[in-house]
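mind folding the following:
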Amino acid sequence: MERGRDVRFVSSGVKLPSASSSAPSPSPSPSPAPAPALLSAALPFAHIGRAIDAAARRLGTCLPRVPVARADPAPPPPRRHGKDGGGNEERVLISEVAVRLKDGEPLERPELESAAAAALRACRPNAALTVREVQEDVHRIVESGLFRSCMPVAIDTRDGIRLVFEVEPNQDFHGLVCEGANMLPSKFLEDAFRNRHGKIINIRHLDQVIKSVNGWYQDRGLTGLVSYAEILSGGILRLQVSEAEVNNISIRFLDRKTGEPTVGKTQPETILRQLTTKKGQAYNRAQVKRDVETILTMGIMEDVTIIPQPVGDSNKVDLVMNLVERPSGGFSAGGGISSGITNGPLSGLIGSFAYSHRNVFGRNKKLNLSLERGQIDSIFRLNFTDPWIDGDNKRTSRTVMVQNSRTPGTLVHGGDHPDHGPITIGRVTAGLEYSRPFRPKWSGTLGLIFQHAGARDDKGNPVIRDFYNSQLTASGNAYDDTLLAKFESVYTDSGDHSSTMFVFNVEQGLPVLPEWLSFNRVTTRLRQGYEIGPARLLLSASGGHVEGNFPPHEAFGIGGTNSVRGYEEGAVGSGRSYAVGSGEVSCRMFGPLEGVVFGDYGSDLGSGPKVPGDPAGARGKPGSGYGYGVGVRVDSPLGPLRLEYAFNDRQARRFHFGVGYRN
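The predicted structure follows:
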């Protein structure tokens, strides 16, 4: 069948069959709908038993043609078995059996002859037949799918009863008209009928096509089926497809405690813009499920359900969305661990206090204000995020950030003399970032960030050189000022930690003023997980390079809990370049407990001496190293709690404790 010539799709408004028919239910999880009735392939039985019995009683009389009746394609009733194989049914000896057209002409087409011959199982020359056996062969002829009707005719001849099956073949196929299939690709039916042009229409083949069309809708979560089929004059097949269409989408807020309708704080348009299901589209259960998940990821809803409701007797459905809101915000307190402090009785402990509002103005805008304080660490953050800027159709988000932090400088400047206190890095940062997805699994971020950073001693006073007389700033002043243009691209194939993840980041210092720093920094991270029976293999790698005039505390620190385990933080090296690789095999032990075997390797790629002041060389860092060990993880509300025991290549051993997955 030539493409596009014999298959024609017509969009038309159709009504779904009533409840008594085979229409699909618009419920979220409807049971598969039965295939609709196809065609009236033959007329019903009419007194076949009486006609055959009459022919048997008049064996001795020369009868003309005794019409028996047309056949019904419905399955025959169960047979009754007696000592003659047919209960009390009388048998009639048949001398000859033939299949002819209605005008008495023989079947000329080979496919018709072979189909009829295969259908005649009981009716054979010189066989004693019952009415039921003739009826079963009539049924099998029609069931072959090639014949429109079949009439058994008994003729009394000199040689005995001659049984003729007069058949009416279906028309030759010359085209297809499909109406109402707005979602079904035309190629689907073109392929189904590609080699059928000019051949007899086979009802069995048509039944398979209808089932495949219904299956296409079901596999994709769509509510649709072939509701009617007929053969038009000229051998044209007409299929009527009924698809459920979304009419209206309404929102209803429910009380968290009582479940009764209430007034919501969220603006309805904030919810509706998240939906990919729109009015006038075909109702897609899978798409509606994804919309529910999208709304839940907004973080402002505790529960979301979408209930379809039929609209009268039409093929349309209304979608009612029930929403249960979470509390908008509040205060919280907690604690954590800093990876930059490794010594002391309270090493790395941090306390935190925060206020957050996750639904500012009822538009899903996020406000976060937090304060963290440790032995040396202190971080104050103010973030305001609009997850979807009004008027933008690309789902672009905007984040405004202000931060004042004081963090340990041990990654680069650790190992200070005992007579001198630790160095900390103070940063005041303000920035603006825009993010958006630009492919199904890709997202990108553009930002402009200003940073005012410098080193301080243990009393909080600015310092420009450490104990080894190595410079601590790039400009030679107490503080360095930098305006950074940032670009980041992220690929993730799922939210699972063992899935594929790729991150590429570029930062460029813009020397708008002469004293502002100018440098370029590129970093990348890659993670790939594999399931190996009950175990899971996780491979990860990261690397980076910085070029230009940059402060030494911005060098890449290698070693520690999230780098090369078995070493203290930053103890392997600090350089302009770095590469770290890691492999882990984990296996669930029991409950939330998981066992891990790991190995890490890291190197500064020989770039340690190129860092201003060569802090790694002054402290005798090796520049490369590896570690390996075992550990356990326990799931917690804060994330996985990690306890690991590692050995390094210098015969040292060390415990590592962390919260969350390794970077």
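
may I have the secondary structure class of the residue nearest the centre of the chain?
Residue closest to the average C-alpha location in the chain (CA atoms, centre = their mean): residue 290, at 8.1 Å. Under DSSP: H, G, I helix; E, B strand; the rest coil, residue 290 falls in the helix class.

ok, it to residue 522 distance?
The gap separating residue 290 from residue 522 is 35 Å, by CB to CB, to the nearest Å. Using the backbone N, CA and C atoms, a C-beta is placed for each residue, glycine as well.

sorry, back to before: now do the same for the residue nearest to the centre of the chain: its pLDDT.
Looking at residue 290, its pLDDT is 93.

got it, and residue 627?
Residue 627 is given a pLDDT of 97.

and if you look at residue 78?
In this model, residue 78 is scored at 43, pLDDT.

start the count at 154 instead of 1 going forward.
All right, first residue 154 from here; so that's residue 231.

got a list of contacts for the one helix or strand residue 536 maps to?
Element membership for residue 536, per DSSP states H and E: strand 531-539. By CB atoms under 8 Å, 6 or more residues apart in numbering, the surrounding residues in contact with strand 531-539 are 513, 516, 518-525, 550-560.

what is the rounded mean pLDDT of the next helix or strand along the chain from it?
Counting by DSSP H and E, the element after strand 531-539 in chain order, helix or strand, is strand 550-561. Confidence over strand 550-561 (mean pLDDT, whole number) is 95.

so what does strand 550-561 touch, helix or strand wise?
Contact analysis of strand 550-561 by 3 or more CB pairs under 8 Å, 6 or more residues apart in numbering; DSSP states H and E lists strand 531-539, strand 577-592 as its packing neighbours.

which of those strands sits closest to residue 744?
strand 531-539 (34.2 Å; CB to CB).

buried sites along the closest one?
Neighbour-count burial for strand 531-539 flags 531-532, 534, 537-539 (criterion: 16 or more other CB atoms under 10 Å).

likewise stretch 642-662?
642-643, 651, 654-656, 658, 660, 662.

give me the contact list for it.
Identification of contacts with stretch 642-662 by CB under 8 Å, 6+ apart yields 594-598, 635-641, 669-684, 689, 691, 701-703, 814.

make a PyMOL selection of whichever of those turn out to be buried.
In PyMOL, a selection of the buried entries from those looks like this (16+ other CB under 10 Å):
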select buried, resi 596+597+598+635+636+637+639+641+669+670+671+672+674+676+678+679+680+682+689+691+702+703+814
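
the strand holding residue 536 vs strand 550-561, what angle?
Between the axis of strand 531-539 and that of strand 550-561 there is an angle of 180 degrees, by axes from the mean of the first three to the mean of the last three CA atoms, to 10 degrees.

tell me the angle strand 531-539 makes with strand 577-592.
Using the same axes, to 10 degrees: strand 531-539 against strand 577-592 is 20 degrees.

kindly export strand 531-539 (C-alpha atoms) in CSV.
C-alpha atoms of strand 531-539 as CSV (Å, rounded to 0.1, in the frame of the first residue of the first chain):
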residue,chain,number,x,y,z
SER,A,531,30.7,30.9,60.7
ILE,A,532,28.4,31.3,57.7
PHE,A,533,25.5,33.7,57.3
ARG,A,534,23.4,33.2,54.2
LEU,A,535,20.5,35.0,52.7
ASN,A,536,18.9,33.4,49.6
PHE,A,537,15.8,34.4,47.6
THR,A,538,14.8,32.1,44.8
ASP,A,539,12.0,32.4,42.2
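
distance from that strand to the middle of the chain?
Mean-position distance between strand 531-539 and its chain equals 33 Å (CA atoms, centre = their mean, to the nearest Å).

stretch 742-762 now?
Relative to where its chain is centred, stretch 742-762 has its mean C-alpha point 31 Å off (CA atoms, centre = their mean).

circling back to that earlier point, kindly reformat the helices and strands packed on strand 550-561 as TSV containing mean pLDDT and distance to residue 797.
Shown next, in TSV, are the helices and strands packed on strand 550-561 (pLDDT from 0 to 100; distance: least, CB to CB, whole Å):
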stretch	mean pLDDT	distance to residue 797
strand 531-539	95	25
strand 577-592	95	27
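
residue 590 - how many residues pack around it?
14 (other CB atoms under 10 Å).

quick check: it touching residue 548?
Yes: taking contacts as CB atoms under 8 Å, residue 590 lies within contact range of residue 548: 6.1 Å.
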